[in-house]
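Enquirer: Return atomic coordinates for the entry below.
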Amino acid sequence: MRYVIIGTSAAGLAGAETLRRLAPQARITLISDESHLPYSRPLLMYLLGRETTREKLFLRSPDYFREWGFETLLGTPVTRVDPGAREVHLADGRALPYDRLLIASGAKPRLPPIPGLELSGVFTLRHLADVERLERHLAQARRVAVVGAGAVGLKAADALAHRGLAVDLLARGAQPLSKVLDQVSARLLMEAIARLGISLHLNSWPTAVVGNGGRVTALALNDGRELPTDAVLFSVGVAPRVEFLASTTLAAPEGIPVDEHLQTGDPDIFAAGDCVLPRHLLTGAPAAFHIWPAAVAQGEVAGANLAGAARRYDGILPMNSISLRGCRIITGGHLTPDTPEGEIFEELDATTGRFKRLVFDQGRLVGATLVGEVRHAGIYFRLIANRTPVKDLPVDPRSPHFHPGRLWARPLPGAA
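Expert: Have a look, this model is predicted:
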């Protein structure tokens, strides 16, 4: 059997390593349009903020591919997949045959359809090359505008402010992370943003990037203002990298539909990571959720199933982790109950800024938000994922006597 894997990030690596364990003698080829060793994408923000070094980004040793017996085609973009011929076509003109294929191509940054994107000083941040390009520009910059106050935009703004730059952060809504944070959590987050010296602009979005002599000088906003800036970093979401599937029926604009085995519409093609539409663990609805641990878990299932293991992927529990200097927030599951019988429990310590918000529905915990004290977030999310009835717990999570850390010492009710 000849196996081909498109992508060498979280899902691709997990798939390749799982497949190698189950098929020690198989021929496995990894394809990536990046030319260097696999690296941690979440650490890019820490590199931008000078909190880590380039060398510490890399996930594997220089001999990794040889030690695992992987053939590699690095720095080689994929242009087309032909399921009928069982071939992957590459930008250099080659066609690579496969018996089974794993697509772990990830996602690419979105850009708004506004004038001025071609100017020098416009950036996105998804790959190591993006950080390196931004670094060169920042050598002569004093002020940066970050467009988008999601988890990535927030961390980017923090990293840039940590370097001593003046940072303007634009949030399209009335608060950052309006789809995942309640008002109390958002207020605590905005207070932390202010303490970092970041200027937060709410209900603001760009209508054009303004330049002079080919370089960015300002950002034109929806309210008529022009915000002076030396660079613009867009963080307004991502789109799946599926353009090479345009001649097939395997992908939708939102991503690649997959079943519970992460199998696509072709029985010999599997998909995992940021390019797929996995099912929401609680609702069962397909949707895109770009979380590094989820990509690893999907890659492991898909890699096993390439080898014929028939493993199931139960679904993804959407989570967001926001880690700024002086503020940590973790939120996951539902923001509000689905039924009128649901309940929201909140507990705020105004002195320390710690906040806990639990969402209950049909006798189960279905959502949790923790601000400040996040050590036991994993326990809450396990309770959500396992659909554990509250009545089966030794103490109700709403009780002042509930200590989630004590549950680590015993199997959680409902756990497999």
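Enquirer: For residue 129, which non-adjacent residue is spatially closest?
Expert: residue 34 (7.6 Å; Cβ to Cβ, 6 or more residues apart in numbering). For every residue, glycine as well, the C-beta is placed using N, CA and C.
Enquirer: Count residues in the vicinity of the one you found, would you?
Expert: A total of 17 residues lie near residue 34 under the criterion other Cβ atoms under 10 Å.
Enquirer: Okay, it and residue 132: tell me how far apart.
Expert: 12 Å (Cβ to Cβ, to the nearest Å).
Enquirer: tell me the average confidence for stretch 296-315?
Expert: On average, the pLDDT along stretch 296-315 is 96.
Enquirer: And that stretch, end to end?
Expert: 13 Å (Cα to Cα, to the nearest Å).
Enquirer: remind me which residues of the stretch 151-300 of the chain are low pLDDT?
Expert: By pLDDT under 70, the stretch 151-300 of the chain has no low-scoring segment.
Enquirer: element containing residue 108?
Expert: Assigned by DSSP states H and E, residue 108 belongs to strand 107-109.
Enquirer: Give me the secondary structure label for the nearest residue to residue 47 once chain neighbours are set aside.
Expert: The shortest distance from residue 47 to any residue other than its chain neighbours is 5.6 Å, reached at residue 131 (Cβ to Cβ, 6+ apart). State at residue 131, reduced to three classes by DSSP: H, G, I helix; E, B strand; the rest coil: helix.
Enquirer: Report pLDDT for residue 131.
Expert: So, for residue 131, pLDDT stands at 95.
Enquirer: Please apply the same query to residue 404.
Expert: pLDDT, residue 404: 78.
Enquirer: now do residue 10
Expert: So, for residue 10, pLDDT stands at 95.
Enquirer: residues touching it, list them.
Expert: By Cβ atoms under 8 Å, 6 or more residues apart in numbering, the contact list for residue 10 reads 41, 104, 273, 292, 295, 296, 299.
Enquirer: Likewise for residue 60?
Expert: 13, 37, 38.
Enquirer: Make JSON lines out of those residues and add distance to residue 91, neighbour count and secondary structure.
Expert: Shown next, in JSON lines, are the contacts of residue 60 (distance: Cβ to Cβ, whole Å; neighbours: other Cβ atoms under 10 Å; DSSP: H, G, I helix; E, B strand; the rest coil):
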{"residue": "13", "distance to residue 91": "22", "neighbour count": "25", "secondary structure": "helix"}
{"residue": "37", "distance to residue 91": "20", "neighbour count": "16", "secondary structure": "coil"}
{"residue": "38", "distance to residue 91": "20", "neighbour count": "22", "secondary structure": "coil"}
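Enquirer: could those be laid out in a markdown table, adding pLDDT and distance to residue 370?
Expert: Output for those, formatted as a markdown table (pLDDT from 0 to 100; distance: Cβ to Cβ, whole Å):
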| residue | pLDDT | distance to residue 370 |
| --- | --- | --- |
| 13 | 97 | 30 |
| 37 | 91 | 34 |
| 38 | 93 | 31 |
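Enquirer: Nearest to residue 269 among these?
Expert: Closest approach between the contacts of residue 60 and residue 269, by Cβ to Cβ: residue 13, at 18.6 Å.
Enquirer: give me every residue that touches that closest one.
Expert: With Cβ under 8 Å, 6+ apart, residue 13 has these contacts: 38, 59, 60, 299.
Enquirer: Residue 201 now?
Expert: 168, 169, 170, 171, 221, 227.
Enquirer: how about it, phi and psi?
Expert: phi -110, psi 110 (degrees, to the nearest 10).
Enquirer: Tell me what it is bridged to.
Expert: As for beta bridges, residue 201 partners with residue 170 under DSSP bridges.
Enquirer: right, and residue 88 touches residue 78 too?
Expert: Yes: the criterion here is Cβ atoms under 8 Å, and residue 88 meets it with residue 78 at 5.8 Å.
Enquirer: okay, and the common contacts of those two?
Expert: Contacts common to residue 88 and residue 78, judged by Cβ under 8 Å, 6+ apart, are 6, 31.
Enquirer: Quick one: the strands in the stretch 201-350 of the chain, in order.
Expert: 206-212, 215-221, 226-228, 231-234, 238-240, 256-257, 269-271, 276-277, 319-324, 327-333, 343-349 (DSSP state E, counting those that start in this stretch).
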